[in-house]
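curious how this folds, go ahead:
(chains A, B, C, D, E and F)
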There are 4 protein chains.
Amino acid sequence: MATSGERRTWRRRAQARPDEILSAALDAFIASGFDAATMDDIARRAGVTKGALYLYFESKEQMLRALIDREVRPLIARVEALSVMETDDPAALIKQALLLVTGALADPRLFALPRLIIALSGRFPDVVNGYRDDVVGPARAAIGRLVMRGQALGQFRAVDPVAAARAIIGPMMFEIMWAHVLHGESDLGRSAGWIEAQVDVLIKGLEPRGAQS
Amino acid sequence: MATSGERRTWRRRAQARPDEILSAALDAFIASGFDAATMDDIARRAGVTKGALYLYFESKEQMLRALIDREVRPLIARVEALSVMETDDPAALIKQALLLVTGALADPRLFALPRLIIALSGRFPDVVNGYRDDVVGPARAAIGRLVMRGQALGQFRAVDPVAAARAIIGPMMFEIMWAHVLHGESDLGRSAGWIEAQVDVLIKGLEPRGAQS
Amino acid sequence: MATSGERRTWRRRAQARPDEILSAALDAFIASGFDAATMDDIARRAGVTKGALYLYFESKEQMLRALIDREVRPLIARVEALSVMETDDPAALIKQALLLVTGALADPRLFALPRLIIALSGRFPDVVNGYRDDVVGPARAAIGRLVMRGQALGQFRAVDPVAAARAIIGPMMFEIMWAHVLHGESDLGRSAGWIEAQVDVLIKGLEPRGAQS
Amino acid sequence: MATSGERRTWRRRAQARPDEILSAALDAFIASGFDAATMDDIARRAGVTKGALYLYFESKEQMLRALIDREVRPLIARVEALSVMETDDPAALIKQALLLVTGALADPRLFALPRLIIALSGRFPDVVNGYRDDVVGPARAAIGRLVMRGQALGQFRAVDPVAAARAIIGPMMFEIMWAHVLHGESDLGRSAGWIEAQVDVLIKGLEPRGAQS
DNA sequence: TATGAATGAGCGTTCATTCAT
DNA sequence: TATGAATGAACGCTCATTCAT
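Predicted structure coming up:
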């Protein structure tokens, strides 16, 4: 007797649940940290009861893992896509990739995840390992690929590409993190300009010495 | 029954108690994070009972605050001392200061504090504010002073000194943090060499363009 | 779309459902006890969903009641059948009846029911009452009838037939129960031989004193 | 400033707590079974809060173990004491031991423990193993010792002593258990007379055939 | 100054039961 | 007849904090 429309509504709801719950969990983790966030709080934010959470996730920790996956994978995928594009101006792609990442991490909701990783490292080793293998490693590799391309084109000096990637990504990340931590969630704008300038400087640092002004 | 010698020992211990407790708290926070560390665990590590903790500290949160104070002030004081020394080689002092800080933070017990700050920012705003005003600010100012000295001596280019300080400190800190987070407490040595080299590069970046090789 | 063959299959399954569910419930109760067995577990074992359980049974408790009914009635019926057979060797029938019961209860699936009764007595008085009236009473009466027959034939001494039945059944039951409880489900064989010998001894105990070797 | 009297009061209370809690636990287990009894219920019966329970016991299961120990050890100790007494009438000691045990188990609070063992066997193997090794085994051995003494004196036939012990204890236990289970906690008196008579019969069964009337 | 028994609120998780479909 | 999402009340257990001693 149920129309297919009604059925679809219900189904859609059920299928959207995990996503809604993860968003609620993210909010709760941002507000209270992983330990202090309660399943009740997450449930309330998601508009379901506590029990319903366990229909979709086995535990709070697994929810964290799923959350990292959901939030971070698309970003790293875009960076990887950038890194395999054909180009004769890899410096531009590097800048694009860095601004993509820094722009995304300027959002407190996205930045919350590295922050959680930092806070929980040492206690949930596989969360950290997953992050290292699925996020940090690929990101370094992607930037490293672009550096190699620049080297092949004679635009960059012959340095270890992955080390160079680390040297470029690190300062950016730290600045963003510190801006979030020290200023709260407000005036990231002030850093944003600084960041774009820094990106230019860092990339220029890869050029052959003679090419520098 | 107590000889004055015994009494003195006892006094000394009693006066050392808050310190012993803070050390125990630090160990506990490192092992479990702020939320997951229990007062029982801290008491056990300090060799006292749970109740005794409250003789010296009002609450777990206050203990955290006292801990940050105790751990971080001496380090920043040494950096400030460096920054006001008379010298005609400020680059050497900058390097010394950076290696002082990075060396100290390589110790997981000291690194734990920035990690706690990062993890708890947003929940304890005044903890963060205190850290910004008493640690981050002074550190940037100190390095900035040395940069200015180098500019006055014509050894460095004319850039904003505090911005330069940020650009030097940031990459160091991030690399240390990531080493702690991703590798656990083990192979910081691998990064250590990298760090010293990076310090040289970063300082050289301050020199006038013509001076570069 | 459904052929009548398919329909019949479906009908048959639908009608077999309550039975399948009860079997699943028995397995679950054996594995975990009544309280610790979950409806989910029962449903999984029955190959249906949790909700479907409530189509056939009002509650977990009612399921227990139905289960006891189903499992225990056929066995007691066979004992009763034995007890009303015409015979001039009632001792043989008693032995047959006892071995029937002990043999059946050697199966953990059947023994589970007395175990459940024992465990739950005091909480579900009517379960116990039902068991007493429908199982224990009839069993004692049946054996008692055979004892009376033996007395009528002059083969047994003049003792209270039901008391004699109790004295015969009790040791058997206890030995089986203890074998299950103490050894787990493994070496009931060791007791089995012992049991047959005991049955002989117990029955012989009913014979007139002079008849004993 | 505390008088030693006050102190003693407080101490006495604290030292009596585990016992009070175990009694409360026993009541709760009797009323609801192990699974259905809640820690809250136990705490309420003991007059403390739930948390206080965990000052003395690690878990509900450990409480069960401690309870078995407390309730059952003294009884078995008394049986063992009986079994090593010098005597030239071991039959009398066997009867005394059996009446000791059956008399004790007539108390529903004591009988509750074997009942719990039966209910939980298969799920808490070490609870069961402990019971087998510390209770059932020693009890059989003790009765067996008395049987051997009777055999040495020529008063009993040459049968396996431990098997004889099993054959004597089993029927008693079963009758008690069934009385508890079927009649609830009320009219054990009716069985008590039956039991004493049975004990006589069972012991007489050990005598040489010729000695029987 | 120090103890340690005790509290009480709360946590992550479970589960018998319900009900729209 | 059957599903499976959802509930809501508990449950075993924990812990920061208090306080009589």
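
what is the neighbour count of A:Q62?
Using other Cβ atoms under 10 Å in any protein chain shown, the number of residues around A:Q62 comes to 12. Glycine gets a C-beta too; all of them are placed from N, C-alpha and C.

and the gap between it and D:I94?
The gap separating A:Q62 from D:I94 is 61 Å, by Cβ to Cβ, to the nearest Å.

quote the end-to-end distance of stretch A:40-59.
Terminal residues of stretch A:40-59 are spaced 13 Å apart (Cα to Cα, to the nearest Å).

please determine whether that stretch lies in contact with DNA strand E.
Yes. Stretch A:40-59 is in contact with DNA strand E by Cβ under 7 Å from any atom of the strand, via A:40, A:50-51, A:53-54, A:58-59.

ok, now which ones touch A:M172?
Going by Cβ atoms under 8 Å, 6 or more residues apart in numbering or on different chains, A:M172 touches A:98, A:101-102, A:195, A:198-199.

which SS state does A:L206 fall under?
coil (DSSP: H, G, I helix; E, B strand; the rest coil).

from chain D, how far out is the closest residue to it other than its chain neighbours?
Distances taken as Cβ to Cβ, 6 or more residues apart in numbering or on different chains place A:F156 nearest to A:L206, at 4.3 Å, with adjacent residues excluded. According to Cβ to the nearest Cβ, to the nearest Å, A:F156 stands 62 Å off from chain D.

find the helix or strand that A:F156 is a member of.
Using DSSP states H and E, A:F156 sits within no helix or strand.

got a list of what it touches?
A:F156 neighbours (Cβ under 8 Å, 6+ apart): A:90-91, A:147, A:150, A:164, A:206-208.

repeat that for 7 Å
Counting by Cβ atoms under 7 Å, 6 or more residues apart in numbering or on different chains, A:F156 makes contact with A:147, A:150, A:206-207.

likewise A:M177?
Taking Cβ under 7 Å, 6+ apart as the contact definition, A:M177 lies against B:I118.

could you say which helix or strand holds it?
Applying DSSP H and E, one finds A:M177 within helix A:161-183.

re the thing from before, what subset of the contacts of A:F156 is buried?
A:147, A:150, A:206 (16 or more other Cβ atoms under 10 Å in any protein chain shown).

show me where chain A has strands.
When assigned using DSSP state E, chain A turns out to have no strands.

contacting residues around the residue most central in space within it?
For chain A, the residue sitting closest to the mean C-alpha position, by Cα atoms, centre = their mean, is A:V72 at 4.3 Å. Residues in contact with A:V72, defined by Cβ under 7 Å, 6+ apart, are A:113, A:135.

out of the residues of stretch A:40-59 next to DNA strand E, which are buried?
Buried residues within the residues of stretch A:40-59 next to DNA strand E, counting neighbours by 16+ other Cβ under 10 Å: A:L53.

report pLDDT for whatever residue of chain A ends up closest to DNA strand F.
Closest to DNA strand F within chain A is A:G51: 2.3 Å, counting by Cβ to the nearest atom of the strand. pLDDT for A:G51: 94.

residue numbers of chain A in contact with chain C?
Counting by Cβ under 7 Å from any Cβ of the partner chain, none of the residues of chain A come close to chain C.

which segments of chain A make up each domain?
By the assignment in automatic domain parsing, chain A contains the domains A:1-57, A:67-208.

compare these and say which comes out lowest on pLDDT.
Averaged per stretch, pLDDT over the domains of chain A is lowest on domain A:1-57, reaching a mean of 83.

run the chain-centre distance for that domain.
Domain A:1-57 sits 22 Å away from the centroid of its parent chain (Cα atoms, centre = their mean, to the nearest Å).

what of stretch A:126-145?
Its chain's C-alpha centre and that of stretch A:126-145 lie 11 Å apart, by Cα atoms, centre = their mean.

report the buried residues of that stretch.
A:127-128, A:130-132, A:135-136, A:138-140, A:142-145.

now go through the residues you listed and say which are in helices.
Counting by DSSP state H, the buried residues of stretch A:126-145 place A:127-128, A:130-131, A:138-140, A:142-145 in helices.

list just the nearest of those to chain C.
Nearest to chain C, judged by Cβ to the nearest Cβ, of these is A:V127 at 28.6 Å.

surely the closest one and A:L67 touch.
No. Assessed by Cβ atoms under 7 Å, A:V127 is found out of contact with A:L67, at 10.3 Å.

run a quick neighbour tally on the residue nearest to A:R157 when sequence neighbours are not counted.
Once flanking residues are discounted, A:R157 sits nearest to A:P208: 5.2 Å by Cβ to Cβ, 6+ apart. Neighbour count of A:P208, defined by other Cβ under 10 Å: 11.

and A:P208, how close does it get to A:L153?
A:P208 sits at a distance of 11 Å from A:L153 (criterion: Cβ to Cβ).

for A:L202, same thing?
Look at A:L202 and A:L153: by Cβ to Cβ, they are 18 Å apart.

thought A:A179 was touching A:T102, still the case?
No. Here A:T102 does not reach A:A179: they are 10.2 Å apart, not a contact under Cβ under 7 Å.

for A:A66, see how far away A:A16 is.
On the measure of Cβ to Cβ, A:A16 and A:A66 end up 14 Å apart.

swap that for A:P208, please
In this view, A:P208 and A:A66 are 46 Å apart by Cβ to Cβ.

state the number of residues packed around A:P125.
11.

re the thing from before, nearest to C:F34, of the buried residues of stretch A:126-145?
Comparing the buried residues of stretch A:126-145 against C:F34 with Cβ to Cβ picks out A:V127 as the nearest, at 39.0 Å.

contacting residues for that closest one?
For A:V127, the contacting residues are A:64-65, A:117, A:120, by Cβ under 7 Å, 6+ apart.

before we move on, what about A:L93?
Going by Cβ under 7 Å, 6+ apart, A:L93 touches A:82, A:85, A:87, A:146.

nearest spatial neighbour of the second one, chain-adjacent residues omitted?
If the residues on either side of it in the chain are set aside, A:M85 comes closest to A:L93, at 6.4 Å by Cβ to Cβ, 6+ apart.

with the third one instead?
Here the nearest residue to A:T87 in space, its sequence neighbours aside, is A:L93; by Cβ to Cβ, 6+ apart that works out to 5.5 Å.

the one you found and A:E86, how far apart?
Counting by Cβ to Cβ, the gap from A:L93 to A:E86 is 10 Å.

ok, the residue nearest to A:A43 when sequence neighbours are not counted - contacts?
Leaving out its chain neighbours, the residue that sits closest to A:A43 by Cβ to Cβ, 6+ apart is A:K50, at 4.5 Å. By Cβ under 7 Å, 6+ apart, the contact list for A:K50 reads A:39-40, A:43.

dump the residues you listed to CSV, plus distance to DNA strand F.
CSV is the format used below for those (distance: Cβ to the nearest atom of the strand, whole Å):
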residue, distance to DNA strand F
A:M39, 9
A:D40, 8
A:A43, 7
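
between those residues, which is closest to A:E20?
Nearest to A:E20 among these is A:A43, at 10.8 Å by Cβ to Cβ.

how many other residues sit next to the closest one?
A:A43: 20 neighbours (other Cβ under 10 Å).

pretty sure it sits against A:T49.
Yes. If you go by Cβ under 7 Å, A:A43 and A:T49 touch, sitting 5.7 Å apart.

distance of the closest residue to A:V136 other than its chain neighbours relative to B:L202?
Once flanking residues are discounted, A:V136 sits nearest to B:L182: 6.5 Å by Cβ to Cβ, 6+ apart. Here the criterion is Cβ to Cβ. By it, B:L182 lies 22 Å from B:L202.

so between these two, which is more surrounded?
A direct count of neighbours by other Cβ under 10 Å for B:L182 and B:L202 places B:L202 higher, at 22 against 17.
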